[in-house]
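Q: Fold the following for me, if possible:
(2 chains)
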Amino acid sequence: MERRVEDFIFRGTDEEAIVYIIDYYGEGIKRLIFTYVKNYAQTDDLFQDFLLKVYQNIGQFQGKSSLKTWLYRIAINTCKDYLRSPINRIFSPGIKSDLIKTSQSAETQVLKKEYYQQLAQCIFSLPIKYREIFVLRFYQDFTIKEISEAVGIPESTVRTRIMRGKKKIQEQLGGDGFEEFE
Amino acid sequence: MKNSNEQLKMAMDEIIGIEPLVREEDKTKFLTKVHKKQKMYLVPKLSAALLFIGLAGWLLFLALNSGGLQQASPTDKNIKTIETVLNQMLTGPSKEFSKAVDALENAVPKTGEGVNSGIITSTPDPLRQYTDKYFKPYFTEEGLTDYINTSGLTFLMQADWYGYVLKVNDLKIEKLEMEGNYYDFTVTVSYQKTGSDQQNTAEVTGQINVNDEGKIQVFSMFGDGGLLEKMTEGR
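A: So this is what the prediction gives:
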């Protein structure tokens, strides 16, 4: 069962709360950050920025949303602030080539695996407004409501973006790829 | 569908990395940072205030006695250039700007082919056209690059993102009496969230150096009076 930040405010220090957050949510959040910046060093830095923001605002968490969506919202805003800075727009790197090679060395692997690799590559090359929704929905298993809270957009917009994102992927892959995902 | 999801997750893990991204180092780094900050707060506030007052007084004394600041002539072309840039930097966002930001958000990165298949090789930048149109005429090439990389469009982008309207209420530019064309500026900017009646103001300050051809070569910001922070607070 998910614990609430209040547990730590009243029973422990803010630092203990952060350590708990790192242990229980850190991996998922760090992976999400990577999907925005596609660079490990920047992911490390942004994760630290995220932790600092949580630490500074932990007293303001009122439990209106779940702890998970509250944390993800902070992480998403941290990434967007970073990407919106003009200097970071200039140095927006692609996915590391060695990682691409790993996923492309699939000559001996079955076609099905290649298909999912292509699908994953397509998700990573989507514009951010679609990519974030796909990552949360299909990689982090968020519900539509949770995505809506974490990204700060209405549920109807989340659904529209999933639909349009699927269309973009189908255009890139051809056929009716992604139809099996809901 | 469950099986498809798992396979897709595995494929995404291959891109992001199979090994855990969170390391013990993340905790230590964060806790060290927090402890350092706490130590900083131990400096007595009174001492800091006295130091600040002393420094401000000393600077004022220097300025008054050496005539360091001199009111610039109204006909000074450099002042017109600076006024134009500051107005464009702190007024808006216009429809044209918002359209450029939208285009940027919807831009599909260009990916390479062959061995580079899947690697993002470039991202279209619709804001470049906007910058060229409104700022390029007033900057040296190097000055423009620095400006875009630092202050540039940050205020308008944040305003666009968080739904604020910025307007320049007052603009003071003073030429410094020193070698080279250096100007200190103070801009009073009003900011109002769309749909809200509440209007606030912030002072944006900085210094600009103009070359002999009337082009800005250095644009330095001193402070924004908390403008960026205020705009992001309401998200």
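Q: does chain B sit close to stretch A:60-71?
A: No. Stretch A:60-71 is not in contact with chain B by Cβ under 8 Å from any Cβ of the partner chain; minimum separation 10.9 Å. (C-beta placed from N, C-alpha, C; glycine too.)
Q: For residue 17, grab phi and psi.
A: As the question left the chain open, I've gone with chain A. phi -60, psi -40 (degrees, to the nearest 10).
Q: Actually, chain B is the one I wanted.
A: phi 130, psi 130.
Q: Need the pLDDT of it.
A: B:Gly17 is assigned a pLDDT of 89 by the prediction.
Q: what's downstream of the helix or strand encompassing B:Met12, the next helix or strand?
A: Using DSSP states H and E, B:Met12 maps to helix B:2-16. For helix B:2-16, the following helix or strand on the C-terminal side (DSSP H and E) is helix B:24-40.
Q: Now do that next one: everything it contacts.
A: Applying Cβ atoms under 8 Å, 6 or more residues apart in numbering or on different chains, the external contacts of helix B:24-40 come out as A:Glu15, A:Ile18, A:Val19, A:Ile22, A:Gly26, A:Lys30, A:Asp44, A:Phe47, A:Gln48, A:Leu51, A:Leu52, A:Tyr55.
Q: State the distance from the fourth one to B:Lys29.
A: The span separating A:Ile22 from B:Lys29 equals 11 Å under the rule Cβ to Cβ, to the nearest Å.
Q: okay, and for chain B, where does confidence drop off?
A: B:1-3, B:37-49, B:62-75, B:105-124, B:234-235 (pLDDT under 70).
Q: Ok, chain A next?
A: A:1-12, A:64, A:85-111, A:175-182.
Q: and with 90 instead?
A: The model of chain A has pLDDT under 90 over residues A:1-20, A:38-39, A:42, A:55-67, A:80-119, A:125, A:127, A:152-153, A:166-182.
Q: just the helices in it please.
A: Ranges of helices in chain A, per DSSP state H, are A:5-11, A:14-37, A:40-57, A:67-84, A:86-90, A:97-104, A:111-125, A:128-134, A:144-151, A:155-173.
Q: Dump the ones you listed to TSV, plus mean neighbour count.
A: Shown next, in TSV, are the helices of chain A (neighbours: other Cβ atoms under 10 Å in any protein chain shown):
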stretch	mean neighbour count
helix A:5-11	14
helix A:14-37	20
helix A:40-57	18
helix A:67-84	20
helix A:86-90	15
helix A:97-104	15
helix A:111-125	19
helix A:128-134	22
helix A:144-151	20
helix A:155-173	16
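Q: Please dump the ones you listed into TSV; it should also carry distance to B:Val22 for every row.
A: Shown next, in TSV, are these (distance: least, Cβ to Cβ, whole Å):
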stretch	distance to B:Val22
helix A:5-11	18
helix A:14-37	4
helix A:40-57	8
helix A:67-84	13
helix A:86-90	23
helix A:97-104	18
helix A:111-125	21
helix A:128-134	20
helix A:144-151	19
helix A:155-173	27
